[in-house]
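A.B. asks: got a structure for you, letters missing:
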């Protein structure tokens, strides 16, 4: 599968937005609109933190998100008869819409398109690891640009994906309620958010989980004016109830906790630099392999380019702080426009 199938529409729309809106305004500091892109995790309803300020009544926002993730994890345990190989790339394009329904009340929908393939990043990542003397973890001994997600236990093949695919993922409905907003120039805010993921994707191709998930979380932010720009802090914490679904059904955990903590600095009107840590508890049980039952923690680094008061682009890169519980590296683009 070619990355251009997903990337081309993003950059075409990006160019259109740039031409439409040239004036420059301050860059807002908000969480990255992404989450763990592991093929065993992204099929569930794990939500991005989202901003702590609810849209005003009658106002909306559309976001086009592209996440490209490269996985390589290989592990086995002779005592439990388990082995796992996650080798490939995932491409997730999301169309997200939010709308202010009433004062302090917001509704939304996310429509994801999900694909898997052998990709093109293996050589780049191997070179990066060599340059910084980082461990390859077996990458160089494996075929380049291969797609193979394989998990077995006690002689039974529980998961195997080796064909490239692309299709609609699991639809998400969302809502938000403003709990606090001081309305100042450098605002402090808190919101209660929730999302409901529906089983609209093909679980056999890992486009979805085959189940329904409900997530509820608090997201907050605080902003501080500086002599040079402004500093923003943000965070979120919540929980999710999930049904068993179709993927590794017998090993599912039906309650998952998650959280995010981040900081950003905007030194000028058009740009903000930010970083965040995001983590969650395991989605599975009854395994000795951390790729299946490990606690995940990711570090995301990047920033925001503000093309106008209404249009902005987030660019980020993530690394697996808790190794092999999320992709080795993932690239994130999110183009948003308010209306």
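C.D. replies: Thanks, I have it. Computed from a predicted structure; not experimentally measured.
A.B. asks: what about residue 255, distance to residue 243?
C.D. replies: 11 Å (C-beta to C-beta, to the nearest Å). Every residue, glycine included, has its C-beta placed from N, CA and C.
A.B. asks: wait, residue 158
C.D. replies: 18 Å.
A.B. asks: any idea which helix or strand carries the nearest residue to residue 76 once chain neighbours are set aside?
C.D. replies: Nearest non-adjacent residue to residue 76, counting by C-beta to C-beta, 6 or more residues apart in numbering: residue 83, 3.8 Å away. Per DSSP states H and E: residue 83 is located in strand 82-102.
A.B. asks: partner strands of that strand, parallel or antiparallel?
C.D. replies: Looking at strand 82-102 with DSSP bridges, its partner strands are strand 60-77 (antiparallel), strand 105-117 (antiparallel), strand 148-153 (antiparallel).
A.B. asks: any weak-confidence spans in the stretch 51-200 of the chain?
C.D. replies: 128-138, 140-141 (pLDDT under 70).
A.B. asks: tell me the mean pLDDT for stretch 329-339?
C.D. replies: What stretch 329-339 shows for mean pLDDT is 96.
A.B. asks: Which strand residues bridge the residue nearest to residue 76?
C.D. replies: residue 76, residue 152.
A.B. asks: before we move on, what about residue 89?
C.D. replies: If you apply DSSP bridges, the partners that residue 89 bridges to are residue 70, residue 117.
A.B. asks: residue contacts, it?
C.D. replies: 3, 68-71, 116-121, 147 (C-beta atoms under 8 Å, 6 or more residues apart in numbering).
A.B. asks: Nearest to residue 325 among those residues?
C.D. replies: Using C-beta to C-beta, residue 71 comes nearest to residue 325 of the contacts of residue 89, at 10.9 Å.
A.B. asks: Distance of that closest one relative to residue 188?
C.D. replies: For residue 71, the distance to residue 188 - C-beta to C-beta - is 38 Å.
A.B. asks: Comparing those two, which shows the higher neighbour count?
C.D. replies: Legend: neighbour count by other C-beta atoms under 10 Å for residue 71 and residue 188, higher for residue 71 (26 against 17).
A.B. asks: what's that one in contact with, if anything?
C.D. replies: Contacts for residue 71 (C-beta under 8 Å, 6+ apart) come out as 38-39, 86-90, 149, 327-328.
A.B. asks: Now with 10 Å, please.
C.D. replies: When contacts are counted by C-beta atoms under 10 Å, 6 or more residues apart in numbering, residue 71 is found next to 37-40, 85-90, 116, 119, 147, 149, 291, 320, 324, 326-330.
A.B. asks: got a list of what residue 32 touches?
C.D. replies: Counting by C-beta under 10 Å, 6+ apart, residue 32 has contacts 48-49, 65, 67, 260, 262, 274-276, 278, 298, 300-304, 314-316, 318, 332, 334.
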